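A.B. asks: Could you work out the structure for the sequence below:
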Amino acid sequence: MGSPISPIIANFFMERFEEKALESSVLKPAVWFRYVDDTFVVWKHGRDSLDDFLHHLNSQSSSIKFTMETEVNNQLAFLDVLVKRNGDLLDHTVYRKPTHTDRYLHKLSNHHPSQKQGIIGTLANRARRICANEHIQEELSHLNKALSCQWL
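C.D. replies: Residues are numbered from 1 along each chain as shown. Sure, this is the predicted structure:
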């Protein structure tokens, strides 16, 4: 196990790395969001220059190497958000990996009711925070179906 201070040091490193890499880049991303070691970038300069930018990032330090996923069918998953491009607008909803099973605590499990209620509340809050307004009801319906089955 690592030191409790390791995430803080890693974050300081990444902040300095980003500052140096973005300042020295000829072309800059329109959007750059990072959560721990995942980065979401909106690039408006074309695919060829995106590959050059990735090479630029990877030439900044020998201790970190970036990989890249690009959108497929105008959509890209980032953490648990599915970002969809609709022209110049970005739409978003909850993302579940293809292996996701929608299995949560069984309703008859020997857990305190507050734990079971916490799962419901957490999933509903995630839907409200992540989904664009037009997708909230669809996500809540999905949760209702998943939670009303044999689980929870």
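A.B. asks: Outline the domain layout of this structure.
C.D. replies: 6-58, 75-148 (automatic domain parsing).
A.B. asks: Would you format these as TSV with mean pLDDT, distance to Lys65 and mean neighbour count included?
C.D. replies: In short, each C-beta sits where N, CA and C put it, glycine included. As requested, the domains of the chain are arranged in TSV below (pLDDT from 0 to 100; distance: least, CB to CB, whole Å; neighbours: other CB atoms under 10 Å):
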stretch	mean pLDDT	distance to Lys65	mean neighbour count
domain 6-58	94	5	13
domain 75-148	93	19	13
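A.B. asks: can you list those in TSV and add distance to Phe66?
C.D. replies: Shown next, in TSV, are those (distance: least, CB to CB, whole Å):
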stretch	distance to Phe66
domain 6-58	5
domain 75-148	14
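A.B. asks: Identify whichever of those lies nearest to Glu69.
C.D. replies: Set against Glu69 and scored by CB to CB, the domains of the chain come closest in domain 75-148, at 6.5 Å.
A.B. asks: first vs last residue of the closest one, how far apart are they?
C.D. replies: The separation between the terminal residues of domain 75-148, taken as CA to CA, to the nearest Å, is 30 Å.
A.B. asks: Stretch 89-103 too?
C.D. replies: 33 Å.
A.B. asks: No more questions from me, cheers.
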